[in-house]
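Visitor: Next input, structure requested:
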Amino acid sequence: MDGLLILLIVILLIVVPFLASAIKIVREYERAVIFRLGRLKGAAGPGIFFIIPMVDQFFKLDLRVNTVDVPRQAVITKDNVSVSVDAVVYYRVEDPIKAVVKVSNYNYAVTQLAMTTLRDVIGTIELDQLLSHREEVSKRIQQILDEMTEAWGVKVVAVTIRDILLPDELIKAMSLQAQAERIRRARIIEAEGERQAASIISEAAQSYQKYPIGIRLRELQTFVEIAKERALIVITDTSRGDSSSLAAALTTAFNQLFATRTSEKTSEEGSKK
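Guide: As a prediction, this is how the structure comes out:
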């Protein structure tokens, strides 16, 4: 009886660890690629699956979107401008078996491929296009990477050019260029204003020539504005026909109005004293 109990205990000590090592669990966003005696058996998961200890070997992969930082590197554009660029690559594993069988380290492979592609693409475009169409350049890099990583079972979701650093000399030159452009636009606006003013003055001159009384009325308006600050007596030339007679009459009325205002002002000052 004692021998049977000992045998049972020995069996349990062997079987329990064996079963524990044979039962594996992968999460919903994970997959396990299993090899049996070195040969590919297939992918398992999500959930529970079994392996044969010391016979099967498995690799667990995460299917969620992963990010890779592309290190900052010096790149020469098509117009021979040296810039420093870094980027971020977003990818996920679509085929776990290919990701294990086709490439030894898909994360490192994606990083190196992204660095090379970034240099190649930027080398085919000019600096102005790189600065003004950054999203289009990123999309182009993403498409190239996606085509090349498809054989690895990897899907490149997006590429973002994070930062573009220009040489100090180029930054100063661009600043001077922007300043010159602002001055040019200001001069264009000023010239346009002068052109419009000249056109208005020309139209006014034609109108005054057609209606002589108009210029006389304008003179009286100017006198009224000046008389608000100073005491003036307006003398007009009455030797110029009917229109001048009308202007002279208006001048007389203006002088009378001004005399009344001056008298009222003098009375107010006397009352204050």
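Visitor: Got phi/psi on Ile164?
Guide: phi -130, psi 120 (degrees, to the nearest 10).
Visitor: now Ile125, nearest residue through space, not along the chain?
Guide: If the residues on either side of it in the chain are set aside, Ile125 comes closest to Lys78, at 5.6 Å by CB to CB, 6 or more residues apart in numbering. (Each C-beta comes from the backbone N, C-alpha and C, glycine too.)
Visitor: the bottom helix or strand of this structure by mean pLDDT?
Guide: helix 241-272 (a mean of 56; mean pLDDT, DSSP states H and E).
Visitor: Please save the CA atoms from stretch 57-77 in PDB.
Guide: What follows is stretch 57-77, C-alpha atoms only, in PDB (Å, rounded to 0.1, in the frame of the first residue of the first chain):
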ATOM      1  CA  GLN A  57       8.600  25.400 -29.600                       C
ATOM      2  CA  PHE A  58       6.400  28.500 -30.000                       C
ATOM      3  CA  PHE A  59       6.900  32.200 -30.600                       C
ATOM      4  CA  LYS A  60       4.300  34.700 -29.300                       C
ATOM      5  CA  LEU A  61       3.600  37.800 -31.400                       C
ATOM      6  CA  ASP A  62       1.600  40.900 -30.700                       C
ATOM      7  CA  LEU A  63      -0.900  41.900 -33.400                       C
ATOM      8  CA  ARG A  64      -1.500  45.400 -32.200                       C
ATOM      9  CA  VAL A  65      -0.200  48.500 -33.900                       C
ATOM     10  CA  ASN A  66       3.500  49.100 -33.000                       C
ATOM     11  CA  THR A  67       5.600  52.200 -33.400                       C
ATOM     12  CA  VAL A  68       9.200  52.600 -34.600                       C
ATOM     13  CA  ASP A  69      11.200  55.700 -34.200                       C
ATOM     14  CA  VAL A  70      13.300  56.400 -37.300                       C
ATOM     15  CA  PRO A  71      16.500  58.000 -35.900                       C
ATOM     16  CA  ARG A  72      17.400  61.600 -37.000                       C
ATOM     17  CA  GLN A  73      19.600  61.500 -40.100                       C
ATOM     18  CA  ALA A  74      21.100  63.900 -42.600                       C
ATOM     19  CA  VAL A  75      19.500  63.800 -46.000                       C
ATOM     20  CA  ILE A  76      20.300  65.700 -49.200                       C
ATOM     21  CA  THR A  77      17.300  66.900 -51.200                       C
END
